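Novice: here is my input; please provide its structure:
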Amino acid sequence: MQSEAEPGGLTHCERASGYLQGSLNITMSQPSTQGVNKAVELLLCDLLLTLRTGLWQKGGVSGGESSPASGSQLAGFQRDLSALRKLGKYFKEAQRKMFLHEAMVRLMAGASPTRTQQLLEHNLRRRGPPKYTAERDDDSTRTLFPGDSERARAILLACRHLPLPLLTPPGQRAVLLAEAARTLERVGDRRSLQDCQQILLRLGGGTTMAAS
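Specialist: Prediction:
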């Protein structure tokens, strides 16, 4: 059954998406537009796609898994994803966000998980050795780098939605989820952190199914 809050949430997303499209029409038609305007649009676009993801995940659930998104949900997500692709031409760091949301729309549509896994792998791979700001060897002292947040969200999506045969062994999944939880806590993403902790609890209880 769809969440009662979903229609209202989608209405707000559609309204914000319309404003974003209007802003893009202006900035894309004026090459001299300041980069700060496009940076704000990139931030808003990523936020909109993340909100749409959350609305879908809170919607219908069948057999412990989220049901395929409705046509209106997919259309809205695709529209904002198209906006992200346009902005990606100006910001190299937007590539990580595009891989994440490209994978998300495939999950929402119930597409083949193999290609979805390949998209998530772009963010799952580390860009370099971890660096620390103190002598203690733990993630609480490690400097956060560009892409760490997307890596954490990719870990969460993979462990929550991909079939188990495509994931790493159970022990490694717990390690990756613990890492993702620490990153999500540091960036202040409480909703994703809660989802991550729920999956860790299920893994700790001997259940390897993704959290609903």
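
Novice: just name the shakiest helix or strand of the chain by mean pLDDT.
Specialist: strand 61-62 (a mean of 56; mean pLDDT, DSSP states H and E).

Novice: and Leu193, how far is that from Arg182?
Specialist: Taking Cβ to Cβ, to the nearest Å as the criterion, Leu193 is separated from Arg182 by 9 Å. Where you see a C-beta, it was placed from the backbone N, CA and C, and this is true even at glycine.

Novice: an error on my part: the question was meant for Trp56.
Specialist: With distances defined as Cβ to Cβ, the gap from Trp56 to Arg182 amounts to 26 Å.

Novice: which one of these two is surrounded by more residues?
Specialist: Neighbour count, other Cβ atoms under 10 Å: between Trp56 and Arg182, Trp56 has more, with 24 against 18.

Novice: which residues touch the helix or strand hosting that one?
Specialist: Per DSSP states H and E, Trp56 falls inside helix 35-57. The list of residues contacting helix 35-57 from outside it, by Cβ atoms under 8 Å, 6 or more residues apart in numbering, reads 3, 6, 9-10, 13, 16-17, 20, 23-24, 27, 66, 69, 73, 76-77, 80-81, 83-84, 87, 90-91, 94, 97, 101, 104, 108, 191, 195.

Novice: mind checking how far stretch 13-27 is from the chain centre?
Specialist: On the basis of Cα atoms, centre = their mean, to the nearest Å, stretch 13-27 is displaced by 21 Å from the centre of the chain it belongs to.

Novice: okay, and which of the contacts of helix 35-57 map to helices?
Specialist: Using DSSP state H, the members of the contacts of helix 35-57 that fall within helices are 6, 9-10, 13, 16-17, 20, 23-24, 27, 73, 76-77, 80-81, 83-84, 87, 94, 97, 101, 104, 108, 191, 195.
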